[in-house]
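Enquirer: Need coordinates for the following:
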Amino acid sequence: MAGEAISVQGRARVAGRAIATGSPYLLIAPALLFMAAVSVYPLFYGVRASLAEYKYGRELGFQGLDNYRRVLADDVFWQAMYVTLRFVLIAVTLETILGVALAVLLSRDLRFAGLIRTGLIIPMTVAPVVVGIVWRLIYASDVGIVNPLFRVAGLTPPDVLSHGTSAFLGLVAVDVWEWTPLIMLIVLAGLHGLPREPIEGARVDGASELRVFFDHTLPLVRPVLLVAIILRTIDAIGTFDQVFVLTKGGPGTSTQLIAIYGYNTAFRFSQYGQASAMMLLVLIGMSVLLVAAIRTIRGAAKKATGAA
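Expert: The predicted model follows:
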C-alpha cells in the first residue's frame, strides 16, 4: 500500500510538472494560431502564387521562376522602386530631424507640455485613408486652400496634384505631417530614460546646450533613435493608403510607389503571379535591411553603454 501511495504521488508530481511546463504554450496557442492565419498562410500562398501563371485571374499552372525574371526585367518596377526609395529617404530624414527636435523641446519643463504633446500626436491617430481624403481637399485646385494662399502671397498657384514634382513633394509633406509624431514619441521616451549624470556633469563644466546634445544626449539616445528610424522606414516602404487616395500613383508615374504598382499589377491587370513575385522581392530586400539594422543597433547600444 505504501508503495502504491508513493507511485501515485510520483505520477501526480510528473503530471503537475507537465502541466506547469505546457501551460505557457497552451496560453499562447490562440495567439500563435491567429498569427499563422494572418501572416504565415498568406506568405506561403504568396510564394505559391509567385511560381504560377495567371491569365484574367485564373491560374494556368506552374511557371517556376518566370515571374521573378519578368519583374527583374520590368523597367516600371525599377522606376517604382526608385520613386519609393526617394520618397522614403526624403520623408524619413525630415521626420527624424523634426521628431528629434520636438522630442528635445518637449523633454524640457515647458508650460502646457502635456497639451502640446497631445496636439502633436493627433495626426498619427487618424486613419491613413482619412488623412488622404483631407489632404486631397486641401490640395484641390478648386476648393482647396493651398492655391488661394499662394494667390494672397502674390505667387503662382502650384496646383499640387497636377504636376509630377509638386505631387511627389505634396505626398512627402503628408507623410511628414502624419508620422513625425511617431519618431517624436519614441525619442521622447528614450530621453526620459537617459542617465542624468553625464549630461549634468557636462553642463556644470560649462558646455553649451548644443555641445551637450551632440556630445552626450545624441550618443546615449542613438539606439532608440535607430529603432524609430527602422520602424518608420519599414512602414514608409509599404505606404499605400494616402497615395491611393491622393494621386493613385500619378501624374504619370511620379508618385507610383512599389505598393501602388503591386496593387495595379494584381488587381488592375490580374497578374497575380507577377505581383506576388514583386512583393516577395521587396520583402527579401526589407529582411536584409532589417538584419543589417539590428546589427547597427547592437553596436550603437554597446557604444552608448560604454559612454554612460
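Enquirer: quick one: residue 128 from residue 239, how far?
Expert: When CB to CB, to the nearest Å is the yardstick, residue 128 and residue 239 sit 8 Å from each other. All C-beta spots, glycine's among them, are computed from the backbone N, C-alpha and C.
Enquirer: swap that for residue 261, please
Expert: The separation that residue 261 has from residue 239, given CB to CB, amounts to 12 Å.
Enquirer: Quickly list the domain ranges of the protein.
Expert: Dividing the chain into domains by automatic domain parsing, as the record does, gives the ranges 2-50, 67-307.
Enquirer: Run through the stretch 151-300 of the chain and note the low-pLDDT ranges.
Expert: For the stretch 151-300 of the chain, residues meeting the criterion pLDDT under 70 lie at 300.
Enquirer: Run through the helices of it in chain order.
Expert: Under the criterion DSSP state H, counting those that start in this stretch, the stretch 151-300 of the chain contains helices at 164-192, 197-204, 209-212, 218-237, 241-246, 258-263, 272-307.
Enquirer: Who has more neighbours out of residue 128 and residue 239?
Expert: Neighbour count, other CB atoms under 10 Å: between residue 128 and residue 239, residue 239 has more, with 24 against 18.
Enquirer: Need the nearest residue in space to the more buried one, chain neighbours excluded.
Expert: residue 257 (5.8 Å; CB to CB, 6 or more residues apart in numbering).
Enquirer: repeat for residue 261
Expert: What sits nearest to residue 261 in space, not counting adjacent residues and going by CB to CB, 6+ apart, is residue 80, at 4.0 Å.
Enquirer: so which helix or strand takes in the one you found?
Expert: Element membership of residue 80, judged by DSSP states H and E, is helix 75-106.
Enquirer: likewise residue 54?
Expert: With elements delineated by DSSP H and E, residue 54 resides in strand 52-55, which encompasses its position.
Enquirer: The helix or strand just after that strand vs helix 272-307, what angle?
Expert: Using DSSP H and E, the helix or strand that follows strand 52-55 towards the C-terminus is strand 58-62. Note on geometry: by axes from the mean of the first three to the mean of the last three CA atoms, to 10 degrees, strand 58-62 and helix 272-307 are set 70 degrees apart in direction.
Enquirer: For strand 58-62, name the packing helices and strands.
Expert: With contacts defined as 3 or more CB pairs under 8 Å, 6 or more residues apart in numbering; DSSP states H and E, the secondary structure elements packing on strand 58-62 are strand 52-55.
Enquirer: Sheet partners, orientation included, of the strand it packs on?
Expert: Within its sheet, strand 52-55 is paired with strand 58-62 (antiparallel), according to DSSP bridges.
Enquirer: What lies in contact with the very next helix or strand once past the partner strand?
Expert: Using DSSP H and E, the helix or strand that follows strand 58-62 in sequence is helix 66-72. Residues lying outside helix 66-72 but in contact with it, judged by CB atoms under 8 Å, 6 or more residues apart in numbering, are 50, 51, 53, 77, 273, 274, 276, 277, 278, 281.
Enquirer: Any buried residues in helix 66-72, and which?
Expert: Under the neighbour-count criterion of 16 or more other CB atoms under 10 Å, helix 66-72 has 66, 67, 68, 70, 71 buried.
Enquirer: and what of stretch 49-67?
Expert: 49, 50, 51, 52, 53, 54, 63, 66, 67.
Enquirer: just to revisit the earlier point, now the helices of the stretch 151-300 of the chain in CSV, with distance to residue 107?
Expert: CSV is the format used below for the helices of the stretch 151-300 of the chain (distance: least, CB to CB, whole Å):
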stretch, distance to residue 107
helix 164-192, 4
helix 197-204, 11
helix 209-212, 12
helix 218-237, 10
helix 241-246, 30
helix 258-263, 35
helix 272-307, 17
